[in-house]
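Q: structure of the sequence below:
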Amino acid sequence: MDVGDRASGKGPSVQANIRTRAANSHEDYRARLRVTRCDWARSAHAENAIAADPAIWSNSHMNDISDDSFFASVPVFDQFEGVTDTNNYRRLPDDWLLAVADIVGSTQAIMDGRYKDVNMAGASVISAVLNALEKGEYPFVFGGDGAIVALPGSMKQAAREALAAAQRWAEEDLHLTMRIALVPICDIRREGLDVRVARYSASPFVSYAMFAGGGGSWAERQMKEGRYGIDPAPSGARPDLTGLSCRWNPIESSNGEIASIIAVPGDRGVTPEFRQLVSDVVAISAEQGRDSHPVPVDGPALGFSMKGINREARATAPRAGRLRQRIFIILQIALTVILHKLNLTFGTFDARVYKRDVAGNSDFRKFDDGLKMTLDIDAHRLGLIRALLEKAQAVGIARYGLHSQTSALMTCFVPTPLSRDHMHFIDGASGGYAVAASQISGKTLSMDDVTP
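A: You can find the predicted model right below:
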């Protein structure tokens, strides 16, 4: 066909050619359902289809749910027993990533009495990534000496920069070495694993992600083997850790012991017997008042740690502004104490309500490819739980770690105290989840005299 044919209308117009290519692209989109979205999305064929019709990409998100609203679309349950119900979980979209981090040598740091620093570094990953993503609703889980955040592939560069900056901050300010990685959900599914997310409402104001499918654990293993790493940030780089806080003193047990418990599936994976084990452990812990919650119902006692204040100042202010930040934090604390004692409010801030919300919003139990709990529990019930876990481990249903201590630690993410959706991460004060995990891995620690 020559130019004259086009001009005379004897041949298809440019617009018609575009429509034809777009139609073919839609056929490609439907055909790719016969293979994985991951393989299709990475192919050159996909690039051509998307170039012809960009709507294909936006329409290819799972169930037409946008990246920003995925977690909000996951059904909420408010009874923790629901972590064993597979109907509560939804698959992460194929084009998402897991941002994974942990502290190298956390064992030695714990032995040196620096577990609060380790917790702070772990929580900094959540703060840095969520702040970089403008505090959208994205699933995450705090693991004591590390964290996982799930995010859309479109946010990869922002997450990469935030993780690298958090790593640099941990090294230069906390003198801790942080491993970091970004692992595609596609690669996890190619291994026959999955990442499914549930949404547990700890209170009317906060919901936490529960992770299942084995993909998170696989991603952590890949990170530890040096895969999916991220180039380090330049010296002096700092993440945005606005809202990261660790002002509270350790919270003493009122029932006898603070127990950090981890139970993961045995070699047969998540079986009905493992789910029953989780239900039984949760049921025993529920026999104790308030489900063995380690934070008093009215919140922690109003006593604050200068070490915690100094950690927060280092996290949230540049070196030149840290003295001013310390003074500002101390003034905030003094105001909170005065308002609480006099039962007064400051604008919309009510100190007594805030303290109660601290308790209600705490993540003292979770499911992250296994059960993780920090409980304030008496010796009898803890003995029952230990016996259940021992029996399950003996027959291959589960592997477990259980570490007892006298107090719990709290690390907080409070973008603004004027809002009631502040989050509080709970761990044992003398090694907590890290020591429990070491028992599973065979690196058992004895932590009789560790202080935060």
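
Q: okay, now the unreliable bits of the stretch 1-150 of the chain?
A: The model of the stretch 1-150 of the chain has pLDDT under 70 over residues 1-67, 135.

Q: again with the stretch 351-452 of the chain
A: Flagging of the stretch 351-452 of the chain using pLDDT under 70 yields the residue ranges 443-452.

Q: strands along that one, start to end?
A: Ranges of strands in the stretch 351-452 of the chain, per DSSP state E, counting those that start in this stretch, are 365-367, 371-377, 398-405, 407-413, 423-428.

Q: quick one: strands adjacent to the first one?
A: Yep, that's strand 365-367 we're talking about. Within its sheet, strand 365-367 is paired with strand 371-377 (antiparallel), according to DSSP bridges.

Q: for the partner strand, output the C-alpha coordinates as PDB.
A: Written as PDB, here are the backbone C-alpha positions of strand 371-377 (Å, rounded to 0.1, in the frame of the first residue of the first chain):
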ATOM      1  CA  LEU A 371       2.900 -18.000  65.400                       C
ATOM      2  CA  LYS A 372       4.800 -15.200  67.300                       C
ATOM      3  CA  MET A 373       3.600 -14.000  70.700                       C
ATOM      4  CA  THR A 374       5.000 -12.000  73.600                       C
ATOM      5  CA  LEU A 375       2.900 -12.900  76.600                       C
ATOM      6  CA  ASP A 376       2.600 -11.900  80.200                       C
ATOM      7  CA  ILE A 377       1.700 -15.200  81.600                       C
END
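
Q: which residues does it contact?
A: 83, 143, 253-264, 278, 281-282, 285, 288, 292-294, 364-366, 382, 385, 408, 426-428, 432-433 (C-beta atoms under 8 Å, 6 or more residues apart in numbering). Quick note: C-beta positions are derived from backbone N, CA and C, even for glycine.

Q: quick one, which of those are buried?
A: The neighbour count (16 or more other C-beta atoms under 10 Å) marks 83, 143, 253, 255-264, 278, 281-282, 285, 288, 292-294, 364-366, 382, 385, 408, 426-428, 432-433 as buried among those.

Q: just the ones of the residues you listed in helices?
A: 278, 281, 282, 285, 382, 385, 432, 433 (DSSP state H).

Q: ok, the first one - contacts?
A: By C-beta under 8 Å, 6+ apart, the residues touching residue 278 are 83, 84, 263, 367, 371.

Q: kindly recompute the last result at 10 Å.
A: Residues in contact with residue 278 (C-beta atoms under 10 Å, 6 or more residues apart in numbering) are 80-81, 83-84, 263, 265, 270, 367, 370-371, 373, 392, 398.

Q: export these to CSV and tack on distance to residue 160?
A: What follows is the contacts of residue 278, written out as CSV (distance: C-beta to C-beta, whole Å):
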residue, distance to residue 160
80, 34
81, 37
83, 31
84, 35
263, 33
265, 31
270, 31
367, 28
370, 28
371, 31
373, 32
392, 40
398, 35
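
Q: among those residues, the buried ones, what's the ChimeraX command?
A: To isolate the buried members of the contacts of residue 278 in ChimeraX, using 16+ other C-beta under 10 Å:
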select :80,83,84,263,265,270,367,370,371,373,392,398
